[in-house]
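**Student:** for reference, the sequence and a predicted model appear below.
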Amino acid sequence: MKYTLTYLLLSLLPATAYCQVGVAIQNDHQEIFYIGLGNPLTVAAEGCKLKDILVTTDNGEIRADSFRYSGHYTAWPEKEGRAIIYVKKKLSNGKLKTLDSVLFTVKQFPLPYAHLSASTCGNISQSVLLAQIAPYAVTYEICWNFIITSFTIVIYRNNREIFRRTTANPQRARIDQATKDFFHRLKNKDKVIFKDITILSFYQQSRTLEPMEFTITDAHKYRRINVDESETVIDPITGVESQREIKYKFIRDDDEEYQLAN
């Protein structure tokens, strides 16, 4: 009897499989497993009941779906190189018979790219930069929220470094107030570089992303004025509401609305 191992890697979403003859083979990830991710598999053996099927591997472990005999499995490889998936049948005498095997390549998951205001580099207006809270990291392979834990901002003017500051937070690093204050002093053509951008990977190991470089456009002159105010603010990341005292603010010199009000 001919047995068929059918495997579907469906972008980390549950796959649908049936134990039947002539199942089509689809392999969206080109026979690649990624370390630190649950790589979904659907296995069907022609002419076999799912309860008689055992799936194993020589690299990491295979976990069956929580729904008994669904044919869905998740592969968790432990090291780079290769992983062989074995499909075995439980015989009536208690022994196992290997029906088929498939070789997968195992790799580290590709690093995401850091973004700021939906960009990774290029021109950015001073006002857009001032509105940013923190850089973020995304990858187009899967939907996953990578946490940026630290980064360094370096600013150059006429090829000379005029500012450098590192921010770190295990929950999520943000652009701090001292850096935002300096952003008000930027001029056109200044270079703002985010470097040493560190994320926590799926398996809680630190990895460094490619730097981002932006050129300032549409810069304006600001002046700092002292105030004694307070306001209720909602953190856009955590949603936590708090009261914040404001001791100073920056006003654009060409802010006609402010000039008329004062």
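**Tutor:** Yep, that arrived.

**Student:** what stretches of the chain score poorly on pLDDT?
**Tutor:** Judged by pLDDT under 70, the chain has its weakly predicted residues at 1-30, 68-69, 141-143, 202-203, 236-237, 255-262.

**Student:** ranges for the helices of it?
**Tutor:** Listed from the start of the chain, the chain has helices (DSSP state H) covering 126-130, 177-183, 256-261.

**Student:** what is the neighbour count of residue 154?
**Tutor:** Residue 154: 18 surrounding residues under other Cβ atoms under 10 Å. To be clear about C-beta, it is placed using only N, CA and C from the backbone, and glycine gets the same treatment.

**Student:** wait, what's in contact with it?
**Tutor:** The neighbourhood of residue 154, defined by Cβ atoms under 8 Å, 6 or more residues apart in numbering, consists of 161, 163-164, 192-193, 195.

**Student:** among these, which ones are in strands?
**Tutor:** Per DSSP state E, strands hold the following members of these: 161, 163-164, 192-193, 195.

**Student:** drop anything exposed from those.
**Tutor:** 163, 192-193, 195 (16 or more other Cβ atoms under 10 Å).

**Student:** mind listing what's buried in stretch 82-94?
**Tutor:** Residues 83, 85-89 are the ones in stretch 82-94 that count as buried (16+ other Cβ under 10 Å).

**Student:** then stretch 184-195?
**Tutor:** Within stretch 184-195, the residues that qualify as buried are 184-186, 190-195, counting by 16+ other Cβ under 10 Å.

**Student:** neighbours around residue 144, how many?
**Tutor:** Neighbours around residue 144, by other Cβ under 10 Å: 13.

**Student:** also residue 132?
**Tutor:** Residue 132: 15 surrounding residues under other Cβ under 10 Å.

**Student:** ok, it - contacts?
**Tutor:** Applying Cβ under 8 Å, 6+ apart, we find residue 132 in contact with 116-117, 175.

**Student:** at 6 Å instead, please
**Tutor:** Residue 132 makes contacts with 116-117, as judged by Cβ atoms under 6 Å, 6 or more residues apart in numbering.

**Student:** how close does residue 55 get to residue 98?
**Tutor:** Residue 55 sits 11 Å away from residue 98, taking Cβ to Cβ, to the nearest Å as the criterion.

**Student:** who's more crowded, those two?
**Tutor:** Here residue 55 and residue 98 are compared on neighbour count by other Cβ under 10 Å; more neighbours surround residue 55, at 19 against 12.
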